[in-house]
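> My questions are about this predicted structure, shown below with the sequence.
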2 protein chains.
Amino acid sequence: MIKIALVSFGKIARDQHLPALRNNPDYQLLAIASRNASLDGVAHYKTLEELLEAMPELDAVSLCAPPSVRYEQARLALSRGKHVFLEKPPGATLSEVEALTKQAKTAGVTLFASWHSRYAQGVAPAKAWLAERTIKAVQINWKEDVRVWHPGQAWIWEPGGMGVFDPAINALSIVTHILPKPFFLKEAALQVPSNCQMPIRAQLAFDSDGVPIQADLDFLQTGPQTWDIHVDTDAGRLTLSKGGSQLYINGQLEQEGPDEEYPGLYVRFAELIRSGQSDVDVAPLQHVADAFMYGRRELVEPFEDQ
Amino acid sequence: MIKIALVSFGKIARDQHLPALRNNPDYQLLAIASRNASLDGVAHYKTLEELLEAMPELDAVSLCAPPSVRYEQARLALSRGKHVFLEKPPGATLSEVEALTKQAKTAGVTLFASWHSRYAQGVAPAKAWLAERTIKAVQINWKEDVRVWHPGQAWIWEPGGMGVFDPAINALSIVTHILPKPFFLKEAALQVPSNCQMPIRAQLAFDSDGVPIQADLDFLQTGPQTWDIHVDTDAGRLTLSKGGSQLYINGQLEQEGPDEEYPGLYVRFAELIRSGQSDVDVAPLQHVADAFMYGRRELVEPFEDQ
């Protein structure tokens, strides 16, 4: 039984982490650390420091706060010998993730950089199917309405918040996982609202050993939402739709299932702890950093949340 | 004897690569590939493709073009089994450098991501001295006049050109080399001219296990030029000045020498080829990517080259 605490208790912690933990008999939820939020029947502390002080028996923490504050929490938890589950993205910078990885290794504890979309129902069968095909082209369409999914979350427009890359890094986490070969950015255009630091739309062109990968990212899509990845191969078109939960091959629905992303992540985290390993894949974050470094910026009209 | 060619023959190739190669008996300069420039007494080809076709006996190439065009050249040269010397920075993106590293390994040839400032005279003794001290703070001041050092080089303001990080990555290459512990970005401000893509000034704050590292970068410094790194320790202040060529300890000049950076690089490249190894340290480029991803941008007045 892994004695775990949730650090920060916002939307993602309530909607995803809490039910996944409650339904997994490997975990016992000991406490929540959050300035304001608490939960009936679970011990509550204002800060991670107080929690660690009060509950030395704790084995692990799940860090659900925005990336720019997560590093200090991870560093503290690792220094006390706790296993650490990092929400995505694993950091605001690549170098801090590298530092945490070294710290976890030295401390002999598990660090898990989670990428929840890799546990969507269609992803594993898509990876298996693609492994035996010749890939010709990839198109990523990731278009959602920021006002619906991140209402009032000003941090997403600040440095570290990543703007449209906050959802799009999920697509990159899938594509880096299912494609048999690595790829890298050839060209990127980032549209940044004049009152924000981070892009609201982006178009990316990657190359994977001659195979073109295009991504069209939009944070202003109203109406139907689009989280699709199309892969054209010598055996036709594979499509992962609805964020990876549906798999189509040549228009035929091959796989569809309930949302098991966070349950899958917590199964994986328990396995890593049991086997004394870490899992920190920075490839999706590296692609985002490359887009910020190599992308061409255009200022567009200001963004107002309401 | 390593049969080598220079690809692109601009300012850096003429001023630095050519004399370093000519004075090193390990190398024979076979050819130059350049659209327009040539050199008396050395074979000339318009493109790398033509050069590789015409001179199968070639062992190695030095790629001196701007980073955004260098990847395709490196890929081609590696695919023909040539050893590759990359000018700094090693790529326009981190992912492309990773792809080249894998390709070189598969091909069994040497890839060298060169960081010339690491071969400045003061750097090795600074590293040795710091290894035995407790570091308290680091201040990087890297301030030069872009109009003097990059006259008419429009590429430096385009994506991949890096703006003020083009010189500042030299400072980062030194600091990542001489400090005993890794560090990562906590905060960054980037000032970008309204008619450019890349920053002209930047202020960075890093953390190295509690030790603050500050960097003040300026591409508009007229008059005396500043390429200084100050390290405060329990045994006083170490200063690397003039880009690393002068070492001061507590105000006392300890080391000064002629510019041996490129000669040092070519000695290293020959060693790597002889021992069948590669040397691709992306740490300086990773810090730049982090600064672009996590930095706060401010638009400033337009930049005019003249």
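Good, I have the coordinates.
> contacting residues around the spatially most central residue of chain A?
Nearest to the centroid of the C-alpha atoms of chain A, with distances taken as CA atoms, centre = their mean, sits residue A:88, at 3.4 Å. Residue A:88 makes contact with A:113, A:114, A:115, A:116, A:169, A:170, A:173, A:284 under the criterion CB atoms under 8 Å, 6 or more residues apart in numbering or on different chains. Backbone N, C-alpha and C define where each C-beta goes, glycine included.
> Farthest-apart pair in the residues you listed, please.
A:113 and A:170 (13.4 Å; CB to CB).
> Kindly state the domain boundaries assigned to chain A.
A:2-113, A:117-257+A:289-300 (automatic domain parsing).
> Pipe the ones you listed into a markdown table and attach mean pLDDT and distance to residue B:179 per row.
Listed next are the domains of chain A as a markdown table, based on pLDDT from 0 to 100; distance: least, CB to CB, whole Å:
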| stretch | mean pLDDT | distance to residue B:179 |
| --- | --- | --- |
| domain A:2-113 | 96 | 13 |
| domain A:117-257+A:289-300 | 97 | 22 |
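> Switch those over to JSON lines; also include distance to residue B:209.
Putting those into JSON lines (distance: least, CB to CB, whole Å) gives the following:
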{"stretch": "domain A:2-113", "distance to residue B:209": "8"}
{"stretch": "domain A:117-257+A:289-300", "distance to residue B:209": "21"}
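> Near chain B, which residues of the stretch 201-306 of chain A? Just list them.
Proximity of the stretch 201-306 of chain A to chain B, by CB under 8 Å from any CB of the partner chain, involves residues A:283, A:286, A:287, A:288, A:289, A:290, A:292, A:293, A:294, A:295, A:296, A:297.
> Next, count neighbours for the closest residue to residue A:108 other than its chain neighbours.
Excluding the flanking residues, the one nearest residue A:108 by CB to CB, 6 or more residues apart in numbering or on different chains is residue A:276, at 7.4 Å. Residue A:276: 10 surrounding residues under other CB atoms under 10 Å in any protein chain shown.
> Is it correct that residue A:276 is in contact with residue A:105?
No. Between residue A:276 and residue A:105 no contact is recorded; they are 10.8 Å apart, counting by CB atoms under 8 Å.
> quick one, phi psi at residue A:197?
phi -90, psi -30 (degrees, to the nearest 10).
> Helix, strand or coil: sort out residue A:49 for me.
Following DSSP: H, G, I helix; E, B strand; the rest coil, the label given to residue A:49 is helix.
> That one: what's it in contact with?
Residue A:49 sits in contact with residue A:76, where contact means CB under 8 Å, 6+ apart.
> Kindly report the same for residue A:292.
Residues counted as contacts of residue A:292 (CB under 8 Å, 6+ apart) are A:190, B:289, B:292, B:293.
> quick one: the last one and residue A:79, what's the gap?
Think residue B:293. Per CB to CB, to the nearest Å, residue B:293 is found 26 Å from residue A:79.
> how would you label residue A:185: helix, strand or coil?
Judged by three-state DSSP, the three-state class of residue A:185 is strand.
> how deep is it tucked in, by neighbour count?
26.
> go on, residue A:133?
Neighbours around residue A:133, by other CB under 10 Å: 15.
> Residue A:151 too?
11.
> List the contacts of the nearest residue to it once chain neighbours are set aside.
Leaving out its chain neighbours, the residue that sits closest to residue A:151 by CB to CB, 6+ apart is residue A:305, at 7.1 Å. Contacts here follow CB under 8 Å, 6+ apart; on that basis residue A:305 touches A:147, A:151, A:152, A:154.
> Kindly recompute the last result at 10 Å.
A:146, A:147, A:150, A:151, A:152, A:153, A:154, A:156, A:157 (CB atoms under 10 Å, 6 or more residues apart in numbering or on different chains).
> any idea how far the residue nearest to the fifth one when sequence neighbours are not counted lies from residue A:94?
This points to residue A:152. With sequence-adjacent residues excluded and distances taken as CB to CB, 6+ apart, residue A:152 is closest to residue A:305, at 6.0 Å. Using CB to CB, one obtains 29 Å as the distance from residue A:305 to residue A:94.
> what's the answer for residue A:279, then?
16 Å.
> More neighbours: the two, which one.
A direct count of neighbours by other CB under 10 Å for residue A:279 and residue A:94 places residue A:94 higher, at 26 against 14.
> State the distance from that one to chain B.
According to CB to the nearest CB, to the nearest Å, residue A:94 stands 5 Å off from chain B.
> Would you check how far apart that residue and residue A:192 are?
21 Å.
> Check residue A:36 too.
Distance of residue A:36 to residue A:192, given as CB to CB: 31 Å.
> of the two, who's got more company?
residue A:192 (22 against 7).
> Output the contacts of residue A:292 in TSV, with secondary structure appended to each entry.
Listed next are the contacts of residue A:292 as TSV, based on three-state DSSP:
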residue	secondary structure
A:190	strand
B:289	helix
B:292	helix
B:293	helix
